[in-house]
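Visitor: just to be clear, the model below is a prediction. Sequence and coordinates:
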Amino acid sequence: MSTFTAILSNPIEYLKGVGPQKGELLRKEINVHTFGDLLQYFPFRYVDRTRIDKISDLSGYEDFVQIRGRIIRMEIVGENRGKRLVATFRDESGVIDLVWFQGWQWMQKSLRENVSYLVFGRISVFNGVAQLAHPEMDLLTEETATGKQFLEPVYYTTEKLKARGLTAKAIGKLTRNLLEQLSPNEIRENIPLDVLKQYRLMPRSMAYFRIHLPGGEEEAHQAQRRLKFEELFIAQIRICRLKLKRHKQSHGYVFGTVGASFNDFYNHHLPFELTGAQKRVLKEIRMDTIHGRQMNRLLQGDVGSGKTMVALLSMLLAKDNGFQACLMAPTEILAQQHFKGLAELLQPMQVKIALLTGSIKGKARKQILAGIADGTIDFLVGTHALLEKEVVFKNLGLAIADEQHRFGVAQRARLWEKNDIPPHILVMTATPIPRTLAMTIYGDLDVSVIDEMPPGRKPITTVHRTEFQRPQVMDFIKEEVKKGRQAYIVYPLIEDSEKMDYENLMKGYEEVKAFFPEPQFYISMVHGRQPAEMRETNMQRFVSGDTSIMVATTVIEVGVNVPNASVMVIESTERFGLSQLHQLRGRVGRGAEQSFCILMTGNKLGQVSKERINVMVQTNNGFIISEKDMELRGPGDIEGTRQSGVLDFKLADILQDKPILDAARVSAEKILTEDTDLLLPENQGLKEYLAVQRGKSQWSKIS
Ligand code: ADP
Ligand code: MG
């Protein structure tokens, strides 16, 4: 972390309270390598420890709660690994169970019945009943009687970290240790003073102290605002610089002719008539590539709008002009699907297409690499492994990236470096981002939109069902499957509660299996903990129709195409972001059959969850959904933001923080217009910062 001074580049194990073992874990689990990394491991929320909840008011959908009362009974329940301590806890309004799965022997010894405790923890629902697992227990003293008097930062942690004692609280403690030995001048300012003044932003060093140790809500808010501004400002500076650079040396290959390959395919092998929107976008691409300037275009189109065909036709255009083209997908499964799909379409033609992913090794790999280098391969499909140094093209003229949110500015920049003249770049995304925003975020890109669906699609019917209605839902799936259709059942898997989510997934799988017994029905299960090959096999069995039900986590989210699948069941819908729900829903409705999306929730729902679900039920339009998403997200919902995965910022959310983004953009443009090479003294902090940042692998890691 060299934009800080020496002390912040210290390896994390040297910090008081860490040591080699914990250091190793911090590196592996949360990517914290240095003191500086820890400093930037921000709390994702704060808990107001001054509030005390009533047990009778708890619905099970709160996050953290603090209650005050007594333990009236303790017992050990369950067998073997399922053994746990359950304490029944009562306040003046009701009772709730406190549960310990680990360390329960010790807890049982140390807890006492019928004395008053202040209990703080995260609420979870188990078998339909709300409980607090592993809460913090404080004996009630005068000091704690009215709750603790501060805003407590809450940090993400993982099961493995917790097992080593690195709970959210312990991470907070480490951060405090670090701040104690840090003097503010070790954190150098990177935003010019005028900008700080104009937007009343606190200095960088102060922000780092206050985000971890806020004196109150307002301080926390101001610290976050400053650091969000910084993230967005730096990103905008980079985007503007890229744009300037591109405009300065923007020569690109000329695709002067529409030739034999394109025409042959278009006239004889195109399986359907292009939509008006597809034709328009193709024209835009043609115009971009004809003038000798490099194309840098973002293609936005809702799921199922037919982006792949636009990609293929553009690739044929490249070939007709003597160039190779590549198509990159974010995962192996998607790359394989693209490869298979394109190879089939191209089968009657003289076009050589190859697939390159991490799992293609040895001789096969060598052959492909040779074919790319000598130009015998026209089109290469793969994952981002295509960006590796060993992949050398003879003459790459067009690079297409599918699902842009995993293909950032940095990767684009890397592609440009592959040739003297950079290839034309087309980035395709189905992540619905409001149009106004797209212009700002992708400031260095031109934007095309496919705003028309292929004809004949039956709109997906979306319904909301609760736990009470589960039997009917299962019956419905059964009917569809008996008709020969396939169904997805998707479970949330959130890093933060990974273990419980995983258990829920397994439980769900067992339930589904009981309802859909072999050999009448076959089920695939796909999740992130499986070895890649197993996941692949399960996926393939579903794709080929060998299995009719797919139980999965969101690993199936993007791009997968199984036209015969007509039912998408989403479990614990309230835990997904709207854009993610929309992406998931887009996995069905790809064939000729009427498709259904069933949003499952518990029986009780909060107001915002209800509204979000209503949006999904009412519209299939990704852009409307993204606008609503922006509108509905309450402030401080950093968690939800992270999962939506729109862009990789640590703190900022481009939707929610649009005003900050706009301000950052205006400032960045002004600075670069007045001082393009950052030579003025007031911009030296910024310049230094950018210089150190260059060459770092992870673009999104701002600091
Ligand atoms: P996405 O934009 O989500 O990547 P795809 O390119 O996978 O969408 O297209 C979705 C489906 O629609 C595919 O099965 C594709 O063959 C089909 N499709 C694409 N364009 C058209 C069209 N103009 N007419 C009919 N079907 C089309
Ligand atoms: Mg696609």
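Guide: That came through, no problem. Ligands and ions are numbered 1, 2, ... in the order given.
Visitor: three-state assignment of whatever residue of the stretch 401-550 of the chain ends up closest to ligand 1?
Guide: Ranked by Cβ to the nearest ligand atom, the top residue of the stretch 401-550 of the chain for proximity to ligand 1 is Pro454, at 3.3 Å. All C-beta spots, glycine's among them, are computed from the backbone N, C-alpha and C. Following DSSP: H, G, I helix; E, B strand; the rest coil, the label given to Pro454 is coil.
Visitor: do I have it right that Tyr61 meets Val608?
Guide: No. Using Cβ atoms under 8 Å, Tyr61 is not in contact with Val608; the gap is 9.9 Å.
Visitor: follow-up on the earlier one: the residue of the stretch 401-550 of the chain closest to ligand 1: what's it in contact with?
Guide: Contacts for Pro454 (Cβ atoms under 8 Å, 6 or more residues apart in numbering) come out as Phe272, Thr275, Gly304, Ser305, Gly306.
Visitor: so which of those is the closest to ligand 1?
Guide: Gly306 (2.8 Å).
Visitor: what's the neighbour count on the nearest residue to Gln594 once chain neighbours are set aside?
Guide: Setting aside the residues directly before and after it, Gln594 is nearest to Lys458 in space (Cβ to Cβ, 6 or more residues apart in numbering), at 5.0 Å. If you count neighbours by other Cβ atoms under 10 Å, Lys458 ends up with 12.
Visitor: quick check: Lys458 is in a strand.
Guide: No. Lys458 is assigned coil when assessed by three-state DSSP, not a strand.
Visitor: from Gly508, how far off is it?
Guide: 28 Å (Cβ to Cβ, to the nearest Å).
Visitor: next one: Asn127
Guide: Relative to Gly508, Asn127 is positioned 13 Å away (Cβ to Cβ).
Visitor: from what I can see Ile460 touches Ile598, true?
Guide: No. Ile460 lies out of contact with Ile598 (Cβ under 8 Å); the separation is 10.6 Å.
Visitor: Three-state assignment for Ala130, please.
Guide: strand.
Visitor: okay, buried residues for stretch 77-84 please.
Guide: Arg84 (16 or more other Cβ atoms under 10 Å).
Visitor: that stretch spans what distance, first to last residue?
Guide: 6 Å (Cα to Cα, to the nearest Å).
Visitor: residues near Gly602, how many?
Guide: Using other Cβ under 10 Å: Gly602 sits among 17 other residues.
Visitor: run a quick neighbour tally on the nearest residue to it once chain neighbours are set aside.
Guide: Sequence neighbours aside, Glu467 is the residue nearest to Gly602 in space, at 5.6 Å (criterion: Cβ to Cβ, 6+ apart). Neighbour count of Glu467, defined by other Cβ under 10 Å: 12.
Visitor: test my guess that Glu467 contacts Thr573.
Guide: No. When contacts are counted by Cβ under 8 Å, Glu467 is not listed as touching Thr573 (11.6 Å).
Visitor: between the two, which contacts overlap?
Guide: Met600, Thr601.
Visitor: is it true that Phe89 lies in a strand?
Guide: Yes. Counting by three-state DSSP, Phe89 is located in a strand.
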